[in-house]
Structures are given as structure tokens and as C-alpha cells.
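1. From the sequence below, what's the structure:
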Amino acid sequence: MASKRAAGAYVRLNITLPRATVGLLDRVTTKGNRSRFIDEAIRERVHSVGRARLRRELEQGYVARAARDRRTVEEWFPIDEEPWEPAKRARRGRT
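-> Just a heads-up that it's a prediction; the model follows:
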């Protein structure tokens, strides 16, 4: 019963690969483990592509919003500096 449920979680595919790719596959795994190796390789590649895409999208967002973010910082900088002014004056008086 358990093996029937496990078998339902898999789909048989018929794929075509170049001979050179099959040669590489056979160098790193046995024929009985090809499916597992291909599964792991696909998962790793998809993860890598997803991370690269996210990184690229974040970078594009940073660039697109850079001018707005800089204006915001410049607007708020004087307000943020006000509480520190007494401490700066006190430090200058000690030196």
C-alpha cells in the first residue's frame, strides 16, 4: 500500500539528452540513480535562478528609488540631528 502512494508522487518522463550530457551524467552517478541526480540538479538550478532573479529585481528597485530615498534622507537629516546638537556642543566644550 505504501509503495503505491509513493509511486503516485512521481511522473515518468521520456527526455532526450545529448550523448555528451549522458556521458557526464554517467560519470557522476549510476544508471539506477539518474532520476535522483537529475531531480537534485533541477532543484538546485531553479533555486539558483530564483535567487539571481530576486537579486536583480532588488538591485533594479534600489536604483529606481535611489533619488527618492536620497531626497527623503536630506529632508529628515536636520530633524534627526537636532537631538544630538547639545551632546556635540558639550563634547566641543570638553576639548
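2. where are the low-confidence patches of the chain?
-> 1-7, 94-95 (pLDDT under 70).
3. Which of the helices or strands spans the residue nearest in space to the middle of it?
-> In the chain, the C-alpha nearest the mean C-alpha coordinate belongs to Arg51, at 2.5 Å (CA atoms, centre = their mean). Assessed by DSSP states H and E, Arg51 sits inside helix 34-81.
4. Could you report the separation of the residue nearest to the centre of the chain from Glu44?
-> Using CB to CB, to the nearest Å, Arg51 is found at 11 Å from Glu44. From N, CA and C alone the C-beta is placed, and that goes for glycine too.
5. Next: Thr72.
-> With distances taken as CB to CB, Thr72 is found 39 Å from Glu44.
6. three-state assignment of Asn14?
-> Secondary structure assignment for Asn14 (DSSP: H, G, I helix; E, B strand; the rest coil): coil.
7. Please report phi then psi for it.
-> Dihedral pair for Asn14: phi -120, psi 110, per degrees, to the nearest 10.
8. and it, how many neighbours?
-> Neighbour count for Asn14, taken as other CB atoms under 10 Å: 4.
9. just checking, what packs against the helix holding Arg51?
-> helix 19-28 (3 or more CB pairs under 8 Å, 6 or more residues apart in numbering; DSSP states H and E).
10. Next, the buried residues of the helix it packs on.
-> Across helix 19-28, burial judged by 16 or more other CB atoms under 10 Å covers Leu25.
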